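J.: Fold the following, please.
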Amino acid sequence: MNDSPWAAEPVAAGPAYDRGAALPGGPPVRAETPPQEPMPTPPSQAPQASSQPPQRKRAGRDLRAAIGVGVGLGAVIFASLFIVKAVFVGVVAVAVVVGLWELTSRLQERKGIKAPLVPLAVGGAAMVIAGYVRGAEGAWVAMALTALAVLVWRMTEPPEDYLKDVTAGVFAAFYVPFLATFVAMMLTADDGPQRVVTFLVLTVVSDTGAYAVGWRFGKHKLAPRISPGKTREGLLGAVAFAMAAGALCMEFLVDGGSWWQGLLLGLAVAVSATLGDLGESMIKRDLGIKDMGTLLPGHGGIMDRLDSLLPTAPVVWLLLAAFVGTS
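T.: From the prediction side, this is the model:
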(Lines give C-alpha, C1' and ligand atoms only; values in the text may rest on other atoms or scores of the structure.)
Protein backbone atom coordinates (compact mmCIF):
# COMPACT_ATOMS: atom_id res chain seq x y z
CA MET A 1 0.00 0.00 0.00
CA ASN A 2 2.91 2.29 -0.59
CA ASP A 3 5.73 2.78 -2.99
CA SER A 4 7.84 0.05 -1.45
CA PRO A 5 9.46 -2.21 -4.06
CA TRP A 6 8.00 -5.56 -5.03
CA ALA A 7 11.51 -6.63 -6.07
CA ALA A 8 14.96 -5.42 -5.11
CA GLU A 9 16.88 -3.35 -7.61
CA PRO A 10 20.04 -4.99 -9.03
CA VAL A 11 23.33 -3.91 -7.46
CA ALA A 12 26.30 -3.13 -9.69
CA ALA A 13 29.06 -5.72 -9.43
CA GLY A 14 31.85 -3.12 -9.10
CA PRO A 15 33.47 -0.04 -10.61
CA ALA A 16 34.59 -0.13 -14.23
CA TYR A 17 37.67 1.83 -15.29
CA ASP A 18 37.53 3.67 -18.60
CA ARG A 19 40.46 4.90 -20.61
CA GLY A 20 41.76 8.05 -19.05
CA ALA A 21 40.21 7.25 -15.65
CA ALA A 22 42.26 7.26 -12.48
CA LEU A 23 43.37 3.90 -11.15
CA PRO A 24 43.13 3.31 -7.42
CA GLY A 25 46.22 4.58 -5.64
CA GLY A 26 47.92 5.93 -8.75
CA PRO A 27 47.95 8.73 -11.33
CA PRO A 28 45.53 8.92 -14.21
CA VAL A 29 46.24 6.58 -17.11
CA ARG A 30 46.93 8.52 -20.28
CA ALA A 31 45.40 7.26 -23.48
CA GLU A 32 48.70 7.54 -25.39
CA THR A 33 50.70 5.40 -22.93
CA PRO A 34 51.88 2.28 -24.81
CA PRO A 35 50.62 -1.01 -23.37
CA GLN A 36 53.10 -2.89 -21.18
CA GLU A 37 53.66 -6.59 -20.89
CA PRO A 38 51.83 -8.00 -17.88
CA MET A 39 54.09 -9.03 -15.01
CA PRO A 40 53.73 -12.63 -13.90
CA THR A 41 51.93 -12.90 -10.59
CA PRO A 42 53.60 -15.08 -7.97
CA PRO A 43 51.39 -17.91 -6.70
CA SER A 44 51.42 -16.43 -3.20
CA GLN A 45 50.00 -13.13 -4.55
CA ALA A 46 47.35 -14.65 -6.84
CA PRO A 47 43.95 -13.05 -6.34
CA GLN A 48 41.79 -14.93 -3.92
CA ALA A 49 38.08 -15.41 -4.30
CA SER A 50 36.11 -13.06 -2.12
CA SER A 51 35.12 -14.70 1.13
CA GLN A 52 32.33 -12.19 1.75
CA PRO A 53 28.84 -13.55 1.15
CA PRO A 54 26.79 -11.91 -1.59
CA GLN A 55 24.65 -9.01 -0.53
CA ARG A 56 21.09 -9.96 0.32
CA LYS A 57 18.09 -8.04 -0.89
CA ARG A 58 16.87 -5.57 1.65
CA ALA A 59 13.57 -3.85 2.11
CA GLY A 60 13.50 -0.10 1.62
CA ARG A 61 11.96 0.71 5.01
CA ASP A 62 12.54 0.10 8.71
CA LEU A 63 10.65 -3.16 9.09
CA ARG A 64 10.64 -3.09 12.89
CA ALA A 65 9.06 0.35 12.98
CA ALA A 66 6.68 -0.58 10.18
CA ILE A 67 5.52 -3.73 11.99
CA GLY A 68 5.13 -1.90 15.30
CA VAL A 69 3.10 0.90 13.78
CA GLY A 70 1.03 -1.59 11.78
CA VAL A 71 0.18 -3.60 14.89
CA GLY A 72 -0.76 -0.43 16.78
CA LEU A 73 -3.02 0.80 14.00
CA GLY A 74 -4.60 -2.62 13.71
CA ALA A 75 -5.35 -2.70 17.42
CA VAL A 76 -7.07 0.70 17.28
CA ILE A 77 -9.09 -0.26 14.22
CA PHE A 78 -10.26 -3.64 15.49
CA ALA A 79 -11.05 -2.33 18.97
CA SER A 80 -13.19 0.49 17.58
CA LEU A 81 -14.90 -1.83 15.10
CA PHE A 82 -16.15 -4.35 17.60
CA ILE A 83 -16.85 -2.08 20.58
CA VAL A 84 -18.77 0.91 19.19
CA LYS A 85 -19.29 1.35 15.44
CA ALA A 86 -19.50 5.12 15.76
CA VAL A 87 -15.98 5.19 17.19
CA PHE A 88 -14.66 3.50 14.06
CA VAL A 89 -16.46 6.09 11.93
CA GLY A 90 -14.61 8.73 13.95
CA VAL A 91 -11.30 6.95 13.29
CA VAL A 92 -12.03 7.02 9.54
CA ALA A 93 -12.95 10.72 9.70
CA VAL A 94 -9.70 11.57 11.52
CA ALA A 95 -7.66 9.58 8.98
CA VAL A 96 -9.43 11.45 6.18
CA VAL A 97 -8.67 14.87 7.67
CA VAL A 98 -4.99 14.01 8.22
CA GLY A 99 -4.76 12.58 4.71
CA LEU A 100 -6.22 15.77 3.25
CA TRP A 101 -3.73 17.84 5.24
CA GLU A 102 -0.83 15.78 3.89
CA LEU A 103 -2.06 15.93 0.30
CA THR A 104 -2.79 19.68 0.26
CA SER A 105 0.51 20.44 2.03
CA ARG A 106 2.53 18.53 -0.56
CA LEU A 107 0.60 20.17 -3.42
CA GLN A 108 1.43 23.62 -2.07
CA GLU A 109 5.06 22.81 -1.28
CA ARG A 110 5.91 21.16 -4.57
CA LYS A 111 3.54 22.75 -7.10
CA GLY A 112 2.36 25.97 -5.50
CA ILE A 113 -1.26 24.71 -5.61
CA LYS A 114 -3.34 26.10 -2.73
CA ALA A 115 -6.29 23.74 -2.36
CA PRO A 116 -8.36 25.17 0.56
CA LEU A 117 -7.92 22.81 3.52
CA VAL A 118 -10.64 24.13 5.86
CA PRO A 119 -13.66 23.34 3.66
CA LEU A 120 -12.01 20.09 2.60
CA ALA A 121 -11.45 18.95 6.19
CA VAL A 122 -14.93 19.94 7.40
CA GLY A 123 -16.63 18.58 4.30
CA GLY A 124 -14.53 15.41 4.31
CA ALA A 125 -15.44 14.53 7.89
CA ALA A 126 -19.10 15.34 7.15
CA MET A 127 -18.94 13.15 4.06
CA VAL A 128 -17.85 10.09 6.06
CA ILE A 129 -20.53 10.67 8.70
CA ALA A 130 -23.20 11.24 6.05
CA GLY A 131 -22.24 8.00 4.31
CA TYR A 132 -22.66 6.11 7.58
CA VAL A 133 -25.96 7.78 8.53
CA ARG A 134 -27.63 8.28 5.13
CA GLY A 135 -25.82 5.88 2.83
CA ALA A 136 -24.78 6.63 -0.75
CA GLU A 137 -27.31 9.44 -1.11
CA GLY A 138 -25.91 11.26 1.91
CA ALA A 139 -22.34 10.79 0.66
CA TRP A 140 -23.16 12.31 -2.74
CA VAL A 141 -24.94 15.30 -1.20
CA ALA A 142 -22.01 15.93 1.15
CA MET A 143 -19.58 15.62 -1.77
CA ALA A 144 -21.51 18.22 -3.78
CA LEU A 145 -21.66 20.63 -0.85
CA THR A 146 -17.94 20.17 -0.18
CA ALA A 147 -17.11 20.98 -3.80
CA LEU A 148 -19.31 24.10 -3.61
CA ALA A 149 -17.62 25.14 -0.37
CA VAL A 150 -14.20 24.79 -2.02
CA LEU A 151 -15.30 27.05 -4.89
CA VAL A 152 -16.66 29.72 -2.55
CA TRP A 153 -13.81 29.58 -0.01
CA ARG A 154 -11.19 30.12 -2.71
CA MET A 155 -13.00 33.31 -3.82
CA THR A 156 -11.56 35.08 -0.79
CA GLU A 157 -8.11 34.91 -2.43
CA PRO A 158 -6.87 36.75 -5.54
CA PRO A 159 -8.18 35.31 -8.84
CA GLU A 160 -4.77 34.15 -10.06
CA ASP A 161 -4.59 30.32 -10.19
CA TYR A 162 -8.24 30.06 -9.08
CA LEU A 163 -9.06 27.31 -11.56
CA LYS A 164 -5.95 25.32 -10.66
CA ASP A 165 -6.60 25.55 -6.91
CA VAL A 166 -10.29 24.63 -7.00
CA THR A 167 -9.65 21.77 -9.43
CA ALA A 168 -7.10 20.33 -7.01
CA GLY A 169 -9.55 20.86 -4.15
CA VAL A 170 -12.39 18.99 -5.85
CA PHE A 171 -9.97 16.21 -6.80
CA ALA A 172 -8.81 15.93 -3.17
CA ALA A 173 -12.43 15.81 -1.95
CA PHE A 174 -13.22 12.92 -4.26
CA TYR A 175 -9.93 11.05 -3.85
CA VAL A 176 -9.79 10.96 -0.06
CA PRO A 177 -13.09 11.46 1.81
CA PHE A 178 -15.57 10.37 -0.85
CA LEU A 179 -13.84 7.04 -1.48
CA ALA A 180 -13.50 6.57 2.28
CA THR A 181 -17.28 6.87 2.73
CA PHE A 182 -17.66 3.39 1.24
CA VAL A 183 -15.88 1.99 4.29
CA ALA A 184 -18.44 3.71 6.52
CA MET A 185 -21.26 2.37 4.35
CA MET A 186 -19.96 -1.20 4.74
CA LEU A 187 -20.30 -0.76 8.47
CA THR A 188 -24.06 -0.15 8.31
CA ALA A 189 -24.86 -3.81 7.52
CA ASP A 190 -25.71 -6.24 10.32
CA ASP A 191 -22.34 -7.91 9.79
CA GLY A 192 -20.69 -4.55 9.10
CA PRO A 193 -17.59 -5.11 11.25
CA GLN A 194 -16.93 -8.42 9.51
CA ARG A 195 -17.26 -6.73 6.11
CA VAL A 196 -14.80 -4.03 7.06
CA VAL A 197 -12.39 -6.66 8.40
CA THR A 198 -12.69 -8.54 5.11
CA PHE A 199 -11.94 -5.34 3.18
CA LEU A 200 -8.90 -4.54 5.33
CA VAL A 201 -7.55 -8.10 5.40
CA LEU A 202 -7.80 -8.57 1.64
CA THR A 203 -6.10 -5.26 0.90
CA VAL A 204 -3.26 -5.91 3.34
CA VAL A 205 -2.84 -9.53 2.20
CA SER A 206 -2.75 -8.40 -1.44
CA ASP A 207 0.00 -5.89 -0.68
CA THR A 208 1.91 -8.41 1.42
CA GLY A 209 1.68 -11.12 -1.25
CA ALA A 210 2.89 -8.69 -3.90
CA TYR A 211 5.85 -7.65 -1.77
CA ALA A 212 6.84 -11.18 -0.71
CA VAL A 213 6.63 -12.77 -4.16
CA GLY A 214 8.10 -9.76 -5.95
CA TRP A 215 11.00 -9.50 -3.50
CA ARG A 216 11.86 -13.17 -3.95
CA PHE A 217 11.01 -13.89 -7.58
CA GLY A 218 10.41 -10.52 -9.25
CA LYS A 219 12.22 -10.03 -12.56
CA HIS A 220 9.79 -8.50 -15.05
CA LYS A 221 8.81 -4.87 -14.40
CA LEU A 222 5.12 -4.10 -14.14
CA ALA A 223 5.16 -0.33 -14.68
CA PRO A 224 8.80 0.83 -14.73
CA ARG A 225 7.99 4.47 -15.52
CA ILE A 226 5.64 4.77 -12.55
CA SER A 227 7.01 2.40 -9.91
CA PRO A 228 10.22 0.66 -11.02
CA GLY A 229 10.25 -1.74 -8.07
CA LYS A 230 6.94 -3.43 -8.86
CA THR A 231 6.95 -6.58 -10.95
CA ARG A 232 4.53 -8.82 -12.78
CA GLU A 233 5.50 -11.65 -10.49
CA GLY A 234 4.52 -9.46 -7.54
CA LEU A 235 1.12 -8.84 -9.11
CA LEU A 236 0.59 -12.58 -9.48
CA GLY A 237 1.51 -12.96 -5.81
CA ALA A 238 -1.04 -10.29 -4.90
CA VAL A 239 -3.75 -12.10 -6.87
CA ALA A 240 -2.96 -15.51 -5.38
CA PHE A 241 -2.78 -14.30 -1.78
CA ALA A 242 -5.89 -12.13 -2.05
CA MET A 243 -7.99 -14.85 -3.69
CA ALA A 244 -7.05 -17.34 -1.00
CA ALA A 245 -7.84 -14.84 1.76
CA GLY A 246 -11.05 -13.84 0.02
CA ALA A 247 -12.31 -17.42 -0.11
CA LEU A 248 -11.69 -17.82 3.64
CA CYS A 249 -13.22 -14.47 4.60
CA MET A 250 -16.38 -14.90 2.53
CA GLU A 251 -16.86 -18.45 3.80
CA PHE A 252 -16.32 -17.76 7.50
CA LEU A 253 -16.80 -14.02 8.14
CA VAL A 254 -19.47 -12.56 5.85
CA ASP A 255 -23.06 -13.70 6.44
CA GLY A 256 -24.39 -15.57 3.41
CA GLY A 257 -21.06 -15.52 1.60
CA SER A 258 -19.41 -18.46 -0.15
CA TRP A 259 -15.87 -19.33 -1.09
CA TRP A 260 -16.28 -18.81 -4.86
CA GLN A 261 -17.50 -15.27 -4.23
CA GLY A 262 -14.36 -14.75 -2.17
CA LEU A 263 -12.20 -15.80 -5.11
CA LEU A 264 -13.78 -13.14 -7.31
CA LEU A 265 -13.59 -10.58 -4.51
CA GLY A 266 -9.90 -11.32 -3.91
CA LEU A 267 -9.11 -10.96 -7.61
CA ALA A 268 -10.89 -7.61 -7.77
CA VAL A 269 -9.11 -6.39 -4.63
CA ALA A 270 -5.68 -7.35 -5.97
CA VAL A 271 -6.33 -5.35 -9.16
CA SER A 272 -7.84 -2.29 -7.45
CA ALA A 273 -5.19 -2.21 -4.71
CA THR A 274 -2.40 -2.39 -7.29
CA LEU A 275 -3.98 0.38 -9.37
CA GLY A 276 -4.40 2.49 -6.25
CA ASP A 277 -0.77 1.99 -5.33
CA LEU A 278 0.34 2.92 -8.84
CA GLY A 279 -1.98 5.92 -8.84
CA GLU A 280 -0.43 7.42 -5.74
CA SER A 281 3.04 6.54 -7.04
CA MET A 282 2.17 8.61 -10.11
CA ILE A 283 1.14 11.54 -7.91
CA LYS A 284 4.30 11.31 -5.82
CA ARG A 285 6.52 11.11 -8.89
CA ASP A 286 4.84 14.19 -10.31
CA LEU A 287 5.46 15.95 -7.00
CA GLY A 288 9.02 14.63 -6.77
CA ILE A 289 8.63 13.05 -3.32
CA LYS A 290 9.05 9.58 -1.84
CA ASP A 291 6.36 9.76 0.85
CA MET A 292 3.35 11.97 1.46
CA GLY A 293 4.35 12.48 5.10
CA THR A 294 6.39 11.26 8.05
CA LEU A 295 3.67 10.73 10.62
CA LEU A 296 3.97 6.93 10.71
CA PRO A 297 7.53 5.62 11.24
CA GLY A 298 8.39 2.93 8.73
CA HIS A 299 5.32 3.73 6.63
CA GLY A 300 5.54 7.39 5.66
CA GLY A 301 2.31 9.33 6.05
CA ILE A 302 -1.35 8.48 6.40
CA MET A 303 -1.82 8.82 2.64
CA ASP A 304 0.95 6.28 2.10
CA ARG A 305 -1.23 3.79 4.00
CA LEU A 306 -4.47 4.78 2.28
CA ASP A 307 -3.21 4.53 -1.29
CA SER A 308 -4.41 0.95 -1.81
CA LEU A 309 -7.36 1.16 0.59
CA LEU A 310 -9.18 4.15 -0.91
CA PRO A 311 -9.83 2.83 -4.45
CA THR A 312 -10.50 -0.66 -3.08
CA ALA A 313 -13.31 0.46 -0.74
CA PRO A 314 -15.96 1.10 -3.45
CA VAL A 315 -14.99 -2.12 -5.23
CA VAL A 316 -15.48 -4.23 -2.09
CA TRP A 317 -18.70 -2.41 -1.14
CA LEU A 318 -20.17 -2.96 -4.61
CA LEU A 319 -19.25 -6.65 -4.82
CA LEU A 320 -20.50 -7.38 -1.30
CA ALA A 321 -23.75 -5.62 -2.12
CA ALA A 322 -24.09 -7.75 -5.26
CA PHE A 323 -23.20 -11.02 -3.49
CA VAL A 324 -25.00 -10.73 -0.14
CA GLY A 325 -26.88 -7.40 -0.17
CA THR A 326 -26.36 -4.24 1.86
CA SER A 327 -28.35 -5.06 5.02
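J.: What is the neighbour count of residue 71?
T.: As a burial measure, residue 71 scores 9 neighbours (other C-beta atoms under 10 Å). C-betas here are computed from N, CA, C, even on glycine.
J.: got it, and the one 4 residues further on?
T.: The tally of other residues near residue 75 (other C-beta under 10 Å) stands at 10.
J.: for it, helix, strand, or coil?
T.: Here residue 75 is recorded as helix under DSSP: H, G, I helix; E, B strand; the rest coil.
J.: What separation do you get for it and residue 220?
T.: Residue 75 sits 38 Å away from residue 220, going by C-beta to C-beta, to the nearest Å.
J.: tell me what the longest helix along the chain is packed against?
T.: Looking across the chain with DSSP state H, the single longest helix is helix 117-154. The contact analysis (3 or more C-beta pairs under 8 Å, 6 or more residues apart in numbering; DSSP states H and E) places helix 117-154 against helix 85-111, helix 162-173, helix 179-186.
J.: try it again with 10 Å
T.: helix 85-111, helix 162-173, helix 179-186, helix 309-324 (3 or more C-beta pairs under 10 Å, 6 or more residues apart in numbering; DSSP states H and E).
J.: Please work out the average pLDDT along it.
T.: For helix 117-154, the mean pLDDT works out to 96.
J.: ok, and for it, which residues are buried?
T.: Neighbour-count burial for helix 117-154 flags 117, 119-121, 123-132, 136, 138-140, 142-143, 145-147, 149-151, 153-154 (criterion: 16 or more other C-beta atoms under 10 Å).
J.: Flag the shaky bits of the stretch 101-250 of the chain, pLDDT-wise.
T.: Applying pLDDT under 70 to the stretch 101-250 of the chain flags no residue at all.
J.: Give me the distance from the lengthiest strand in the chain to the chain's centre.
T.: Assignment by DSSP state E gives strand 227-231 as the longest strand of the chain. Computed by C-alpha atoms, centre = their mean, to the nearest Å, the chain-centroid distance of strand 227-231 equals 13 Å.
J.: May I have the strands that pair with it, each with its orientation?
T.: The strands beside strand 227-231 in its sheet (DSSP bridges) come out as strand 221-223 (antiparallel).
J.: and the nearest residue to residue 202 once chain neighbours are set aside, helix, strand or coil?
T.: Nearest residue to residue 202, sequence neighbours excluded (C-beta to C-beta, 6 or more residues apart in numbering): residue 269, at 4.3 Å. With three-state DSSP as the basis, residue 269 sits in helix.
J.: So for residue 301, which of the helices and strands packed on helix 117-154 sits nearest?
T.: helix 85-111 (4.7 Å; C-beta to C-beta).
J.: So for that closest one, what gets flagged as buried?
T.: The neighbour-count check on helix 85-111 (16+ other C-beta under 10 Å) flags 85, 88-89, 91-93, 95-104, 106-107 as buried.
J.: Could you do stretch 247-256 as well?
T.: Neighbour counts over stretch 247-256 (16+ other C-beta under 10 Å) mark 247, 248, 249, 250, 253, 254 as buried.
J.: I'd like to know which of the residues you listed are part of helices.
T.: Judged by DSSP H, the buried residues of stretch 247-256 include 247, 248, 249, 250 as members of helices.
J.: Could you measure from the second one over to residue 106?
T.: Think residue 248. The span separating residue 248 from residue 106 equals 37 Å under the rule C-beta to C-beta.
J.: try the last one
T.: If you measure residue 250 against residue 106 using C-beta to C-beta, the figure is 37 Å.
J.: try the first one
T.: Taking C-beta to C-beta as the measure, residue 247 falls 38 Å from residue 106.
J.: Could you do the third one as well?
T.: Note on residue 249: its distance to residue 106, by C-beta to C-beta, is 34 Å.
J.: one step back: what's the closest of the ones in helices among the buried residues of stretch 247-256 to residue 170?
T.: Checking those against residue 170 by C-beta to C-beta gives residue 249 as the nearest, at 34.4 Å.
J.: what's the closest non-adjacent residue to the closest one?
T.: Spatial nearest neighbour of residue 249, excluding adjacent residues (C-beta to C-beta, 6+ apart): residue 198 at 4.2 Å.
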